[in-house]
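Undergrad: what follows is a predicted protein model with its sequence.
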Amino acid sequence: MTDATRHGRAPISRIVDEGLLIALSSVRMAVKNDIIVAGLAEHADYDLARFAETTGRELLALAHENLESAVRVARQRKELTSATWRLDLSQDQLMDIRQLKLRKRVHKRLAVALIAVADDEEHVTRLVRDAQTAASEELQDAMHTRLMRLSLDPLDPEYQRSRAERTEMFVLVDLALLQLKADEAAGNGPSEY
């Protein structure tokens, strides 16, 4: 039984692994949004190299955030331990010191893991492909939902006559709304809708 298990905590490796999974999910979502915006707003073709660069940049930004968090947590721990004699610390303060030490180690290890993923071309490519799949599925779902709302019968003679109008309306309205949602999710300002 490890020390972490004895105290009811998950082992640090598991905490880092779970943190990495969450971070990778966040990166995938950011890249998915970039793919959608590139296609809709910029009318750009899919470019694996561009999105691999975005993926690497996102991974390194998260690694940098974790390194900054490790420094901040270490500073908090130092302030807490130097504020008073160790014998004068309450049980809660002693627990805080242990927790801050654990958090520092987690942030450092997570930063190292994120940098390793950013340096792994195969892993980056896999993240981009997953983001591409998610972007395609999101667009397909949006189009399907929109078409279902229209409840059109393709055998109706009016269907063919108004098809161009419906397509233009879809492009102008629905795809613009998707772009706004993607911009908002990417942190490019609040949506006006």
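TA: On my side now, so go ahead. Residues are numbered from 1 along each chain as shown.

Undergrad: where along this structure do the helices fall?
TA: 3-6, 12-40, 48-82, 91-119, 121-150, 157-161, 163-169, 175-185 (DSSP state H).

Undergrad: would you format these as TSV with mean pLDDT and mean neighbour count included?
TA: Placement of C-beta: from N, CA and C, glycine included. As requested, the helices of the chain are exported to TSV (pLDDT from 0 to 100; neighbours: other C-beta atoms under 10 Å):
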stretch	mean pLDDT	mean neighbour count
helix 3-6	48	10
helix 12-40	94	18
helix 48-82	93	16
helix 91-119	90	17
helix 121-150	87	15
helix 157-161	74	10
helix 163-169	75	11
helix 175-185	74	17
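
Undergrad: so who does the spatially most central residue of the chain touch?
TA: In the chain, the residue lying closest to the centroid (C-alpha atoms, centre = their mean) is S26, at 1.2 Å. Listed by C-beta atoms under 8 Å, 6 or more residues apart in numbering, the contact partners of S26 are E58, L62.

Undergrad: do that again at 10 Å, thanks
TA: E58, L59, L62 (C-beta atoms under 10 Å, 6 or more residues apart in numbering).

Undergrad: wait, isn't the first one in contact with V27?
TA: Yes: the pair E58 and V27 qualifies as a contact (C-beta atoms under 10 Å) at a distance of 4.5 Å.
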